[in-house]
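# Provided below are the primary sequence and the corresponding predicted coordinates.
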Amino acid sequence: MPGSELRQLQSDGTRLPSFYSPRPEPPETPHNDADIEQADFSISGGNPASASDGDNAEDASPAQPATPLTQPPPASLLSPAFTPPSTPGTATPSAAGPAIPAEPRGIPVDSSIPTGGCGTKHPRLLERLPQVECIVRARIPTTTGAEMFLHLYKNDVDNKEHLAIVFGGNIRSKSLDAVREGETEMDRLVRGAYTGRLYPGRTTSGFPALGPPLVRIHSECYTGETVWSARCDCGEQLDEAARLMSLPGNKAGGIIIYLRQEGRGIGLGEKLKAYNLQDLGSDTVEANLLLRHPADARSYGLATAMLLDLGQKEIRLLTNNPDKIRAVEGPHREIVVKERVAMVPLSWKGKGGFRAPEVEGYLKTKIEKMGHMLDLGSLPS
């Protein structure tokens, strides 16, 4: 997307640099005690020109000459331009009226048969699933008006704090909701074992029914999510998963399992070495192998255990990686993936996103060497 399409005027007339997204509209603060299960998880307001497609961003700016910057722009928390500027939970209106977001289309899969759409590899599975416990949960309001619940987990295999980002109030953690000896109702409210929303004066927690969600297993990527790297599409995938899960039509909600396994499991330091090898001519798979690491060292047992704790036995999985389907199902198919929902780069769909030589090579390697289910013909020539 040309940088000129993303330059936005600030309130004082100065222009932000091209890599800044449009400034989001602040959500209105609710002033009632309605439970979150009854709330609309779509955006509560905002400028239509800041919708997720980002196609009309330039039209939203006043038609006037650019004001030269006389001083550096103020510090900003806005995301880079290649991140969907109004995620999660937005839709772009058209001349015919407000757009109705479509549910992401799923492809039926069955890992129990060779032709089930889950690839030909047989990933190594753990002999047992890890023991996990959700120790705290909190509501996270977002800059677009949608809301989510952040669950923090501990486990018995590492000392890392893995996360589940949950959309919708009907998805519950069994370990969080379990009554603990000697705790009060206030203890339960403070650690997040409640339904609906907290408000001043609330004294009880309560329990809801469970429902089937859309699920994304996402491995941490500091470079793609935090420092605007164009070597991968991880930041875009995280934002797009959140957008899909908070669409108004997605009544079942969604779960993003956020695993702290940077660089496909090799860690940030080794990942940066792999970047240097890529600049010397290797692809992502070759770079890992040259550093004496597997092409993909990630494990998904923690994800399986966390999903079970969240009450999920059958899921729709948002992924292009067929091997992830079998891996997430667990050693004894404790979870069954009923559908695979494709994660298509936004630039391929003509809905913003970004293009760069590095990310194009990264996607080609995923397709050609790792068996990811993306249409190679859709890649830019």
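Perfect, I can see it now. Residues are numbered from 1 along each chain as shown.

# helix, strand, or coil at Ile171?
Of the three states, Ile171 takes coil under DSSP: H, G, I helix; E, B strand; the rest coil.

# ok, Tyr293 touching Glu270?
Quick fix: residue 293 reads His, not Tyr. Yes - using Cβ atoms under 8 Å, His293 is in contact with Glu270, at 6.4 Å. Just so you know, the C-beta spots here come from the backbone N, C-alpha and C atoms, and that holds for glycine as well.

# what's in contact with whichever strand or helix holds Arg340?
Arg340 belongs to strand 336-341 when elements are defined using DSSP states H and E. With Cβ atoms under 8 Å, 6 or more residues apart in numbering as the test, strand 336-341 has contacts from 104-109, 111, 117-118, 214, 244, 313-319, 322, 325, 328-329, 373.

# partner strands of that strand and their direction?
With DSSP bridges as the test, strand 336-341 is paired with strand 106-108 (antiparallel), strand 314-318 (parallel).

# for whichever helix or strand comes after the longest one, name the packing helices and strands.
Tracing the chain C-terminally past strand 314-318 and defining elements by DSSP H and E, one meets helix 322-329 next. The helices and strands touching helix 322-329, judged by 3 or more Cβ pairs under 8 Å, 6 or more residues apart in numbering; DSSP states H and E, are strand 214-219, helix 301-309, strand 314-318, strand 336-341.

# buried stuff in the helix or strand hosting Met148?
For Met148, the host element (DSSP H and E) is strand 147-155. The neighbour-count check on strand 147-155 (16 or more other Cβ atoms under 10 Å) flags Glu147, Met148, Phe149, Leu150, His151, Leu152, Tyr153, Lys154, Asn155 as buried.

# same question for stretch 247-261.
Leu247, Asn250, Gly253, Gly254, Ile255, Ile256, Ile257, Tyr258, Leu259, Gln261.

# nearest residue to Ile256 in space, please, no chain neighbours.
Using Cβ to Cβ, 6 or more residues apart in numbering and skipping residues adjacent in sequence, the residue nearest Ile256 is Ile165, 4.0 Å away.

# can you check Ala297 too?
Per Cβ to Cβ, 6+ apart, closest to Ala297 is Gly265, 3.2 Å.

# tally of neighbours for the one you found?
17 (other Cβ atoms under 10 Å).

# what does Arg292 give?
For Arg292, using other Cβ under 10 Å, the count is 8.

# that one and Gln261: what is the separation?
Using Cβ to Cβ, to the nearest Å, one obtains 18 Å as the distance from Arg292 to Gln261.

# check Thr144 too.
From Thr144 across to Gln261, the span is 28 Å (Cβ to Cβ).

# list the beta-bridge partners for the residue nearest to Ile256.
Leu150, Ile256.

# mind checking pLDDT for it?
At Ile165, the pLDDT value in this model is 92.

# tally of neighbours for it?
21.

# with Leu277 instead?
17.

# ok, it touching Leu289?
No - if you go by Cβ under 8 Å, Leu277 and Leu289 don't touch, sitting 9.7 Å apart.

# backbone torsions only: list them for the nearest residue to Met245 once chain neighbours are set aside.
Spatial nearest neighbour of Met245, excluding adjacent residues (Cβ to Cβ, 6+ apart): Gly254 at 2.8 Å. The phi/psi pair for Gly254 (degrees, to the nearest 10) reads phi -170, psi 170.

# same check on the one 5 residues further on?
Leu259 adopts backbone torsions of phi -100, psi 140, taken as degrees, to the nearest 10.

# got the helices and strands packed on helix 322-329 as JSON lines, with mean pLDDT columns?
Shown next, in JSON lines, are those (pLDDT from 0 to 100):
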{"stretch": "strand 214-219", "mean pLDDT": "94"}
{"stretch": "helix 301-309", "mean pLDDT": "95"}
{"stretch": "strand 314-318", "mean pLDDT": "93"}
{"stretch": "strand 336-341", "mean pLDDT": "92"}
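
# show me what the lengthiest helix in the chain is in contact with.
As assigned by DSSP state H, the longest helix anywhere in the chain is helix 357-370. With Cβ under 8 Å, 6+ apart as the test, helix 357-370 has contacts from 230-233, 278, 283-285, 295-296, 320-321, 323, 345, 372, 374, 376, 379-380.

# one step back: look up how far Cys221 lies from the residue nearest to Ala297.
12 Å.

# so, low pLDDT: which residues of this protein?
1-102, 207-212, 375-381 (pLDDT under 70).

# now with 50?
In the predicted model, the chain carries pLDDT under 50 at residues 1-12, 16-21, 29-70, 76-87, 90, 92, 208-210, 376-381.

# what segments of the stretch 101-250 of the chain are helices?
Using DSSP state H, counting those that start in this stretch, the helices assigned to the stretch 101-250 of the chain run over residues 174-177, 185-191, 222-225, 234-245.

# what comes up buried for the second one?
For helix 185-191, a neighbour-count test (16+ other Cβ under 10 Å) marks Arg188, Arg191 as buried.

# restrict that helix to CA atoms and write it as CSV.
The C-alpha coordinates for helix 185-191 follow below in CSV (Å, rounded to 0.1, in the frame of the first residue of the first chain):
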residue,chain,number,x,y,z
GLU,A,185,-16.2,-13.7,46.7
MET,A,186,-13.9,-10.7,46.5
ASP,A,187,-10.9,-13.0,46.0
ARG,A,188,-12.8,-14.5,43.1
LEU,A,189,-13.6,-11.2,41.6
VAL,A,190,-10.0,-9.9,41.9
ARG,A,191,-8.6,-13.0,40.1
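
# I appreciate the help and will end here.
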